[in-house]
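In: Following is a predicted model, sequence given first.
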Amino acid sequence: MITDNLSAPGTTAGRKLIPTNIITGFLGVGKTTAITHLLNSKPADEVWSVLVNEFGEIGIDGALLKNTNAHVREVPGGCICCVAGLPMKIALNMLIAKTKPDRIIIEPTGLGHPEEIINTLTGEYYDTVLDLRATVTLVDPRKLVESRYADNANFKDQVAVADVLVANKIDLCSPVDRANFDDLVAGFHPPKQAAFAVQQGQLELSWLDYPRRKHELNSPQHHAAQRNRLNPQRELYNAAIQLPEGQDYLRRENQGQGFYSCGWLFQPTIQFDFNQLFGWMTGLNMVRAKAVMNTDQGVYMFNAENGVLSVKPLMLGEEPEGEPEREPELLDSRIELINDAALELDELQAELFGCRLASAD
């Protein structure tokens with residue numbers, strides 16, 4: 001189903017303001033893939049900047065977006081709208097000052113509260129800097145029958161604040177799944193600006209320019225009740241988690257809103273056995289698992305959702321004509337696990353470390 005309630009996307013109100021979009025959706029819906037597609041499709045003469053927020057402490061999405069043609073800044077470790085929005089404001093201010101972007105894309109955590117981000121971006125100061133346009137919410141129609149998604153207050157609010165609703169992974173959906181998405185779209189009054197169905201996050205650039213509307217939330221008090229219940233073991237804002245000198249790895253944990261995360265960061269010289277790592281991640285019973293790892297077969301991205309694992313090599317963009325293709329610059333290996341049950345951390349760490357290759361020293 002595709003609906004479009006405007007004859008054309010909205011026009012810019014105030015040419016000097018920076019067009020800004022929030023692209024949201026629940027865990028595993030494909031937000032990072034969709035943003036990567038947009039960045040690869042953007043006008044070549046425009047500078048785009050991306051602010052990425054993740055529930056996990058280590059942060060994987062920034063690494064996945066690293067080789068796109070954009071400036072990327074991360075706020076790991078929970079919801080960027082918590083703590084009075086300070087982490088988000090610090091990161092956003094630095095991004096604007098340093099990159100002077102033509103457009104800003106904000107990717108909140110799949111467990112985030114987009115209405116609070118919208119309030120910040122339309123509040124004092126930012127209303128004279130940003131032109132906040134459509135909020136694009138991605139939905140996996142297959143999940144609409146699962147109560148832990150459909151009944152989740154964050155999921156409901158992500159859908160409620162959407163100006164454009166997009167059914168992603170439509171190639172994996174059954175006719176019943178598609179009908180469920182159609183019913184979801186039809187249930188909004190007033191209707192959404194537009195609704196589309198795509199596969200592999202193939203969003204159209206024009207969808208970003210639909211104007212933003214105010215929306216009534218299903219659970220407006222939910223965020224206030226949950227505020228500051230995350231317990232990140234880090235500073236308030238840490239743009240680049242780095243290993244202490246002489247340390248091979250570090251582990252960071254987080255929990256909140258009924259979810260638990262654990263992430264590991266490794267020195268880039270440490271290699272993992274690709275086949276062992278693939279087998280281990282395939283067997284993980286997790287809501288979400290992401291990794292960018294240095295293996296004996298090269299640098300690979302691992303992306304798992306409820307036991308379904310996809311893997312692809314991490315490639316650089318095109319090299320200048322006449323120059324050979326280079327290996328990706330790897331600053332570290334990192335992996336993040338998220339589940340809706342407490343994690344057996346020591347057991348998981350032992351299994352992960354069992355995939356390491358012996359040092360050549």
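Out: Received it, and whenever you're ready, just let me know what you need. All values reported here derive from a predicted model rather than from experimental measurement. Numbering: from 1, shown residues only.
In: contacting residues around Asn168?
Out: Counting by C-beta atoms under 8 Å, 6 or more residues apart in numbering, Asn168 makes contact with Gly25, Val29, Gly30, Ala34, Leu138, Val139, Asp140, Val198, Gln199, Gln200, Gly201. Where you see a C-beta, it was placed from the backbone N, CA and C, and this is true even at glycine.
In: and if we set it to 6 Å?
Out: Taking C-beta atoms under 6 Å, 6 or more residues apart in numbering, we find Asn168 in contact with Val29, Gly30, Leu138, Val198, Gly201.
In: Next, give me the two most distant ones among the residues you listed.
Out: Val29 and Val198 (11.5 Å; C-beta to C-beta).
In: Between these two, which has more neighbouring residues?
Out: Counted by other C-beta atoms under 10 Å, Val29 and Val198 do not tie: Val29 has more neighbours, with 25 against 20.
In: Helix, strand or coil: sort out that one for me.
Out: coil (DSSP: H, G, I helix; E, B strand; the rest coil).
In: what does the model give the closest residue to it other than its chain neighbours for pLDDT?
Out: Once flanking residues are discounted, Val29 sits nearest to Leu138: 4.5 Å by C-beta to C-beta, 6 or more residues apart in numbering. At Leu138, the model reports a pLDDT of 96.
In: repeat for Leu51
Out: In this model, Leu51 carries a pLDDT of 87.
In: Do I have it right that it meets Ile106?
Out: Yes - counting by C-beta atoms under 6 Å, Ile106 is a contact partner of Leu51 at 4.8 Å.
In: neighbour-wise, which of the two wins?
Out: Ile106 (29 against 25).
In: who does the strand or helix carrying the more buried one pair up with?
Out: Assessed by DSSP states H and E, Ile106 sits inside strand 103-107. In the sheet, strand 103-107 lines up against strand 18-25 (parallel), strand 48-54 (parallel) (DSSP bridges).
In: can I get these in a markdown table with distance to Phe155?
Out: Output for these, formatted as a markdown table (distance: least, C-beta to C-beta, whole Å):
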| stretch | distance to Phe155 |
| --- | --- |
| strand 18-25 | 9 |
| strand 48-54 | 16 |
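In: ok, back up a step: show me the contact partners of the strand holding Ile106.
Out: 18-23, 31, 35, 48-52.
In: ok, of the residues you listed, which one's closest to Asp209?
Out: Out of the contacts of strand 103-107, the member with the shortest distance to Asp209 (by C-beta to C-beta) is Pro19, at 7.3 Å.
In: among the strands paired with strand 103-107, which is nearest Gln193?
Out: Per C-beta to C-beta, nearest to Gln193 of these: strand 18-25, 12.5 Å.
In: can I have the closest one written out in CSV, keeping just the CAs?
Out: Taking Å, rounded to 0.1, in the frame of the first residue of the first chain, the C-alpha atoms of strand 18-25 are listed here in CSV:
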residue,chain,number,x,y,z
ILE,A,18,19.0,23.6,8.1
PRO,A,19,16.6,20.9,6.8
THR,A,20,16.4,18.3,9.5
ASN,A,21,14.7,14.9,9.7
ILE,A,22,14.2,12.3,12.4
ILE,A,23,14.3,8.7,11.1
THR,A,24,13.0,6.4,13.8
GLY,A,25,11.6,2.9,14.3
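In: buried set for it?
Out: Buried positions in strand 18-25, judged by neighbour count with 16 or more other C-beta atoms under 10 Å: Ile18, Pro19, Thr20, Asn21, Ile22, Ile23, Thr24, Gly25.
In: again with stretch 293-312
Out: Met293, Asn294, Thr295, Val299, Tyr300, Met301, Phe302, Asn303, Ala304, Glu305, Leu309, Val311.
In: Kindly report the same for stretch 140-156.
Out: So for stretch 140-156, counting by 16+ other C-beta under 10 Å, buried means Asp140, Pro141, Arg142, Lys143, Leu144, Tyr149, Asn152, Ala153, Asn154, Phe155, Lys156.
In: a markdown table for the residues you listed, including secondary structure?
Out: Below are the buried residues of stretch 140-156 laid out as a markdown table (three-state DSSP):
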| residue | secondary structure |
| --- | --- |
| Asp140 | coil |
| Pro141 | helix |
| Arg142 | helix |
| Lys143 | helix |
| Leu144 | helix |
| Tyr149 | helix |
| Asn152 | coil |
| Ala153 | helix |
| Asn154 | helix |
| Phe155 | helix |
| Lys156 | helix |
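In: just to revisit the earlier point, point out the ones among the buried residues of stretch 293-312 that are inside helices.
Out: Among the buried residues of stretch 293-312, none falls in helices (DSSP state H).
In: Sketch out the low-pLDDT regions of the chain for me.
Out: 1-15, 54-70, 74-87, 110-113, 216-242, 257, 306-307, 315-330, 360-361 (pLDDT under 70).
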